[in-house]
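Visitor: mind folding the following:
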Amino acid sequence: MKRRNPPKIAPWGKAISRRSFLRAAGVTLALPLMPSALPRELWAAGNTNPRRLMFWFVPNGMQMDWWTPSSTGSDYDLPEMLEPLAPIQHKVSVLSGLANEAARVQGVPGDHARGTGTFLTCRTLNHSVDDIYNGTSVDQVAAQALGSETLFPSLELGLDGGAPVGDCDNGYSCAYQRNISWSSPTTPLPKITDPRLLFSRLFAGVDPTLTQAEIERRRALRLSVLDSVYGDAQSLRGKLSRSDALKMDEYLHSVRELEVRIENLGESTCTAPTAPAAELDFEARLAALRELMVVAMRCDLTRITSFMFGNGGSNRNHSFIGAPGAHHEISHHQGNEENLSILRTIGRWEVDHFAQLLLAMDAVDEGSGCSLLDNSMIYFGSEIEDGDSHSHSNLPVLLAGGGGGELVPGRHIIYGEQTPVANLFMAMLENFGVLTTSFGEDGHEVLPAL
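Guide: Numbers count the residues shown, from 1 in each chain. Below is the predicted model of the structure:
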């Protein structure tokens with residue numbers, strides 16, 4: 001990754017977005033920006049579009065013989081599982097050699113729960129059904145720093161639901177196996193799995209018949225009401241006891257947060273798509289969720305998304321794509337060719353849906369010669385390496401997108417053995433505008449050469 005100056009840090013500890021910084025500095029250009037004619041560093045500096053982060057989880061690992069390119073650098077070869085990436089390969093990097101040490105506990109079963117729970121936290125889990133303890137996931141570190149700039153600080157989505165209670169894997173709570181986003185060590189964030197529910201959440205109250213003037217009047221009215229509430233609360237504050245004053249401060253903070261979200265509704269530039277149908281088969285539901293992810297980012301309703309293709313250790317039957325049987329059980333393939341053939345089919349199908357997401361993002365023009373994908377970083381990975389070994393080393397990892405012009409995508413990069421995946425998350429946070437000195441248990445430096 002091309003290193004840039006450290007992100008600006010506001011007095012309250014949040015990073016100032018590049019867009020805000022450039023506007024405040026009064027940056028102007030005399031001629032239209034021509035990114036293709038500029039060095040990458042200048043392209044990145046002139047791109048004021050927001051950055052996006054997405055984390056895409058698939059269960060049960062991959063069979064690395066059919067995943068890992070044999071060549072490195074750009075124009076790497078595409079093994080069987082990665083062939084669906086061909087139309088967008090120039091914007092997708094394969095990162096080999098990354099490990100998640102926090103998921104490895106010698107002699108203790110439960111690799112699926114540990115691999116899933118630590119997928120975005122890189123923190124050792126408390127081995128318990130009832131007393132859950134993890135870390136804050138990388139998506140939520142970003143959301144807590146900069147999520148207030150959009151209506152939704154983050155979105156947590158998936159194809160499988162399930163309550164975060166019970167024993168799902170050898171004494172590990174189901175909270176670990178069914179969630180990858182954690183807002184705190186004890187708080188997993190539930191997923192939205194119904195496209196219609198996601199549509200309602202994203203576009204509740206959006207009226208496509210309103211004119212621009214009517215939209216602005218509504219926004220002004222909302223802000224006026226909040227200003228009145230804020231003024232009344234401030235005048236009352238001086239008459240309150242200390243404990244009540246603290247409660248009032250929390251209330252005023254929530255009012256101001258609401259004001260920021262109203263300012264960032266994006267009603268003037270975002271048109272709601274057609275609502276998903278009430279009855280959808282599995283693949284149609286997946287396609288609808290994928291479409292809404294792109295719309296949410298295109299409309300700047302959120303800049304941070306996590307998505308679970310299935311819960312950790314999923315036993316989904318993929319007979320609808322010609323791969324019958326329970327996925328998790330088959331992933332313990334023991335070298336059986338029939339099992340391996342089914343796993344190759346499933347892995348290729350998962351990568352195909354990921355490729356469709358990337359192509360849809362790349363089709364969104366954000367101006368200055370950049371697509372939505374160019375301004376994003378999308379992490380693709382699993383809780384384990386191979387289903388038979390349950391290894392947490394050399395994980396199957398893809399990194400797609402250009403990070404606003406600061407990444408050099410389209411390469412196969414091999415890192416040293418046991419390079420922490422947490423270092424990659426530090427690099428993604430830095431690109432997003434959040435400066436960290438460490439992440440998880442073993443992330444202590446920004447992963448180089450992205």
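
Visitor: give me the below-cutoff pLDDT ranges for the stretch 151-300 of the chain.
Guide: Within the stretch 151-300 of the chain, the segments meeting pLDDT under 70 span 205-226, 229-230, 237, 243, 246-269.

Visitor: just the helices in it please.
Guide: Assigned by DSSP state H, counting those that start in this stretch, the helices in the stretch 151-300 of the chain fall at 174-177, 195-203, 212-237, 242-263, 282-298.

Visitor: what about the helix or strand hosting V351, distance to the chain center?
Guide: If you go by DSSP states H and E, V351 is part of helix 337-362. Centre-to-centre, helix 337-362 and its host chain are 19 Å apart (CA atoms, centre = their mean, to the nearest Å).

Visitor: now do the helix or strand that that helix is followed by: distance to the chain's middle.
Guide: Following helix 337-362 in sequence order, the next helix or strand is strand 376-382 (DSSP H and E). Distance of strand 376-382 from its chain centroid, counting by CA atoms, centre = their mean, is 7 Å.

Visitor: ok, back up a step: quick check: mean pLDDT of the helix holding V351?
Guide: The pLDDT scores in helix 337-362 average 98.

Visitor: buried residues, it. List them.
Guide: 339-340, 342-351, 353-362 (16 or more other CB atoms under 10 Å). All C-beta atoms are positioned from the backbone trio N, CA, C, and that covers glycine.

Visitor: ok, now which ones touch L357?
Guide: Going by CB atoms under 8 Å, 6 or more residues apart in numbering, L357 touches W56, R290, M293, V294, I378.

Visitor: longest strand anywhere in the protein?
Guide: Assignment by DSSP state E gives strand 411-420 as the longest strand of the chain.

Visitor: what pairs with that strand, and is each one parallel or antiparallel?
Guide: Note on strand 411-420: by DSSP bridges, its sheet partners are strand 73-74 (antiparallel), strand 92-99 (parallel).

Visitor: nearest to G405, out of the ones you listed?
Guide: G405 sits nearest to strand 92-99 of all the strands paired with strand 411-420, at 14.9 Å, using CB to CB.

Visitor: separation between K91 and E350?
Guide: To E350, K91 is 18 Å away according to CB to CB, to the nearest Å.

Visitor: could you look up the SS state of the residue nearest in space to the middle of the chain?
Guide: Closest to where the C-alpha atoms of the chain average out (CA atoms, centre = their mean) is M54, at 2.4 Å. Following DSSP: H, G, I helix; E, B strand; the rest coil, the label given to M54 is strand.

Visitor: quick one: contacts for it?
Guide: M293, M297, I304, T305, S306, F307, S376, M377, I378, Y379.

Visitor: how does it look with 7 Å?
Guide: Neighbour list for M54: T305, S376, I378 [criterion: CB atoms under 7 Å, 6 or more residues apart in numbering].

Visitor: which among the residues you listed gets closest to A175?
Guide: Using CB to CB, T305 comes nearest to A175 of these, at 20.2 Å.

Visitor: does that closest one lie in a helix or a strand, and which?
Guide: T305 belongs to strand 304-308, assigned by DSSP H and E.

Visitor: hey, C-alpha coordinates of that strand in PDB?
Guide: This file holds the C-alpha atoms of strand 304-308, laid out as PDB (Å, rounded to 0.1, in the frame of the first residue of the first chain):
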ATOM      1  CA  ILE A 304     -19.100  -0.100   6.500                       C
ATOM      2  CA  THR A 305     -20.700  -3.500   5.900                       C
ATOM      3  CA  SER A 306     -20.100  -7.000   7.100                       C
ATOM      4  CA  PHE A 307     -21.700 -10.000   5.400                       C
ATOM      5  CA  MET A 308     -21.900 -13.700   6.400                       C
END
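
Visitor: who does the next helix or strand after that strand pair with, and is each partner parallel or antiparallel?
Guide: Moving toward the C-terminus from strand 304-308, the next helix or strand (DSSP H and E) is strand 317-318. When pairing is defined by DSSP bridges, strand 317-318 lines up against strand 323-326 (antiparallel).

Visitor: buried sites along the partner strand?
Guide: Under the neighbour-count criterion of 16+ other CB under 10 Å, strand 323-326 has A323, G325 buried.

Visitor: hmm, who's touching the next helix or strand after that strand?
Guide: For strand 323-326, the following helix or strand on the C-terminal side (DSSP H and E) is helix 327-331. Helix 327-331 is contacted from outside by 59-61, 313-316, 318, 339, 342-343, 346, 387, using CB under 7 Å, 6+ apart.

Visitor: what about helix 327-331, average pLDDT?
Guide: 96.

Visitor: measure the residue of the chain most remote from its centre to G231 for me?
Guide: The centre of the chain is farthest from one residue, K239, which by CA atoms, centre = their mean lies 44.7 Å away. Using CB to CB, K239 is found at 15 Å from G231.

Visitor: same deal with N100?
Guide: Computed as CB to CB, the N100 to G231 distance reads 50 Å.

Visitor: one more: D160?
Guide: According to CB to CB, D160 stands 47 Å off from G231.

Visitor: the more surrounded of the two?
Guide: The neighbour count for D160 versus G231, taken as other CB atoms under 10 Å, is higher for D160 (16 against 10).

Visitor: which residues does that one contact?
Guide: D160 is in contact with T193, M308, G310, N311, S314, counting by CB under 7 Å, 6+ apart.

Visitor: make JSON lines from the residues you listed and add neighbour count and distance to Q106 to it.
Guide: JSON lines is the format used below for the contacts of D160 (neighbours: other CB atoms under 10 Å; distance: CB to CB, whole Å):
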{"residue": "T193", "neighbour count": "16", "distance to Q106": "35"}
{"residue": "M308", "neighbour count": "26", "distance to Q106": "27"}
{"residue": "G310", "neighbour count": "20", "distance to Q106": "27"}
{"residue": "N311", "neighbour count": "27", "distance to Q106": "25"}
{"residue": "S314", "neighbour count": "21", "distance to Q106": "25"}
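
Visitor: quick check: V165 touching C174?
Guide: Yes: in this structure V165 lies within contact range of C174 using CB atoms under 7 Å: 6.0 Å.

Visitor: identify all contacting residues around stretch 184-191.
Guide: 132-136, 156-158, 161, 164, 175, 179, 181-183, 308.

Visitor: before we move on, which element is R114 in?
Guide: For R114, the host element (DSSP H and E) is helix 111-117.

Visitor: that helix: how far from the chain's middle?
Guide: 18 Å.

Visitor: immediately after that helix, which helix or strand?
Guide: Next along from helix 111-117, by DSSP H and E: helix 138-146.

Visitor: and that following helix with strand 376-382, angle?
Guide: Relative orientation of helix 138-146 and strand 376-382, computed by axes from the mean of the first three to the mean of the last three CA atoms, to 10 degrees: 150 degrees.

Visitor: who does helix 138-146 touch, helix- and strand-wise?
Guide: When contacts are defined as 3 or more CB pairs under 7 Å, 6 or more residues apart in numbering; DSSP states H and E, helix 138-146 sits against strand 52-58, strand 304-308, helix 421-432.
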